[in-house]
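In: my questions concern the predicted model and sequence given below.
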Amino acid sequence: MGKTALITGITGQDGAYLSDYLIKKGYTVHGIKRRSSLFNTDRIDHLYQDPHVENRNMILHYGDMTDSMNITRIIGDVKPDEIYNLAAMSHVKVSFDTPEYTANADGIGTLRILEAVRLLNLTNKSRIYQASTSELYGLVQEVPQKETTPFYPRSPYAVAKLYAYWITVNYREAYGIHASNGILFNHESPLRGETFVTRKVTRAVARIVLGLQDKVYMGNLSSKRDWGHAKDYVKAMYLILQQDQPDDYVISTGVTTTIRDFIKMAFVEGKDEEEVGFIASIDENKFANIVGNKQLELLKKRVGDVVVGVDPAYFRPTEVELLIGDNTKARTKLNWTPEYDLKALCEDMVISDLALMKKEEYLKDGGYRILNYFE
Ligand code: NAP
Ligand code: GDD
């Protein structure tokens, strides 16, 4: 018999990669999904099975992190071997607009999971992974950041996650639950939410290349992030729960890059003093297979055009300027190593967004403009 996992936040970026990974390992995966007025299961549709199929290995339950009874009922019904608590209001900037909700879903939501496991007498059965974050380091007290670096959260999101981190440690120490924190640094992918910085950039690049958008407005270009690929990071989540002893681990690449340099890597050159980005040159090899000759010619004419601007509306009241993680513990104890570097990640995202935008454009215009663009 394969193991049973329960994933909160299954419709999100990490939920999708983790479900795929666990199902391939023979798990039965249960996921908690919020009710929404439109389908929001795009990222997991390839795994979905109709309820009438026998012996399903993917089962969805309606639920919400703010509803204790619902969380307790689902955990009681599923009795999972492993719980991956990935659900959260995960956007740092938005948490300044919705601080109370963020505290409830991201902070108390974690308590609801832990307390359900305790009340249901599952402390010896259900292992718990808590999606902790490098945002806990905030105003960093040490460079690079490791498991012992003191926390200094800088947003309502990070403060809520600080509670979640410590309540996970507390339930481990108080009740012996196999509960662990993965302190994950930023990880991205073609499935990344469209309003996080990398995806905002790669989508804009695709749209600019295809002539669908002239310019993109960004926030603080000087902050630095340690970016990895979500595909690598969900493997670390799995490994953390396979250890005999629960523990907390930093998961990172150990390389940090400014937002400005990520944008350059994706497409354009920057003029730092004016905080604008322009198309310095077109890498024909990069785009030739995707956009075809006519579009490439149009694109070459845009060399010199300003395509990136800065809008202070995207600045945060308090910023996290520098994140870079020391992943020594994960490398040695979990035997985890990331496969993707930032260049490969960026390429994966740009190529995927180009394909996506091509499809959207094709659908929108009944195919006419695509003939124009791609011969
Ligand atoms: P994501 O794409 O934003 O996904 C978040 C998931 O949580 C979605 O499935 C969302 O459902 C669900 N959710 C939000 N509020 C909920 C609620 N009240 N009840 C039930 N479900 C709710 O985030 P991600 O990038 O996959 O990240 C996964 C987790 O890791 C999050 O906890 C995030 O804070 C944490 N984390 C992420 C990173 C990163 O760089 N990606 C780094 C460190 C930690 P809908 O689809 O309905 O919105
Ligand atoms: N979103 C966004 N949009 N960020 C921008 C923009 C913009 O237009 N312009 C500049 N930035 C800067 C932000 O100010 C921040 O310094 C950096 O880009 C990264 O922002 P996000 O991609 O939104 O991610 P984040 O680092 O705030 O948070 C993500 O990573 C955390 C782990 O460190 C989220 O996934 C969190 O859920 C996660 O915990």
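Out: That came in fine, so what should we check first? Numbering: from 1, shown residues only. Ligands and ions are numbered 1, 2, ... in the order given.
In: how far off centre is stretch 315-325?
Out: Here stretch 315-325 is found 17 Å from its chain centre; the criterion is Cα atoms, centre = their mean, to the nearest Å.
In: how far does that stretch stretch from start to finish?
Out: The straight-line separation of the ends of stretch 315-325 (Cα to Cα, to the nearest Å) is 23 Å.
In: what comes up buried for it?
Out: Glu319, Val320, Leu322, Leu323, Ile324, Gly325 (16 or more other Cβ atoms under 10 Å). Every C-beta, even on glycine, is put in place using the N, C-alpha and C of the backbone.
In: out of these, which are close to ligand 2?
Out: When Cβ under 6 Å from any ligand atom is applied, the members of the buried residues of stretch 315-325 adjacent to ligand 2 are Glu319, Val320, Leu323.
In: which positions in the stretch 101-250 of the chain make contact with ligand 1?
Out: Residues of the stretch 101-250 of the chain lying near ligand 1 (Cβ under 6 Å from any ligand atom): Ala105, Ala131, Thr133, Leu184, Asn186, His187, Gly193.
In: got the residues of the protein near ligand 2?
Out: So the chain meets ligand 2 at 90, 92-93, 133-135, 185-186, 195-197, 200, 218-220, 223, 225, 259, 314, 316, 319-320, 323 (Cβ under 6 Å from any ligand atom).
In: what's Lys33 in contact with, if anything?
Out: By Cβ atoms under 8 Å, 6 or more residues apart in numbering, Lys33 lies in contact with Ile10, Thr11, Asn40, Thr41, Leu60, His61, Tyr62, Gly63.
In: try 7 Å this time
Out: Ile10, Thr11, Leu60, Tyr62 (Cβ atoms under 7 Å, 6 or more residues apart in numbering).
In: likewise for Thr318?
Out: Arg154, Ser155.
In: tell me the secondary structure at it.
Out: coil (DSSP: H, G, I helix; E, B strand; the rest coil).
In: what are the phi and psi values for it?
Out: As for Thr318, its main-chain torsions (degrees, to the nearest 10) stand at phi -130, psi 130.
In: if I look at it, how far off is ligand 2?
Out: Counting by Cβ to the nearest ligand atom, to the nearest Å, the gap from Thr318 to ligand 2 is 10 Å.
In: check Pro156 too.
Out: 12 Å.
In: thought that residue was touching Asp97?
Out: No - contact criterion Cβ atoms under 7 Å: Pro156 and Asp97 do not qualify, at 9.0 Å.
In: for the two, indicate the residue with more neighbours.
Out: Counting neighbours by other Cβ atoms under 10 Å for Pro156 and for Asp97 shows that Pro156 has the greater number, 23 against 10.
In: now for the residue lying closest to the more buried one once chain neighbours are set aside, how many residues are close by?
Out: Of all residues not flanking Pro156 in the chain, Pro99 sits nearest, at 3.6 Å (Cβ to Cβ, 6 or more residues apart in numbering). As a burial measure, Pro99 scores 16 neighbours (other Cβ under 10 Å).
In: tell me the pLDDT at Pro99?
Out: On pLDDT, Pro99 comes in at 98.
In: so how far is ligand 1 from it?
Out: Distance from Pro99 to ligand 1, by Cβ to the nearest ligand atom: 14 Å.
In: rewinding a little: I only care about the contacts of Lys33 that end up buried; give me the ChimeraX line for that.
Out: Applying 16+ other Cβ under 10 Å to those leaves a buried subset, and the ChimeraX line that selects it is:
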select :10,11,60
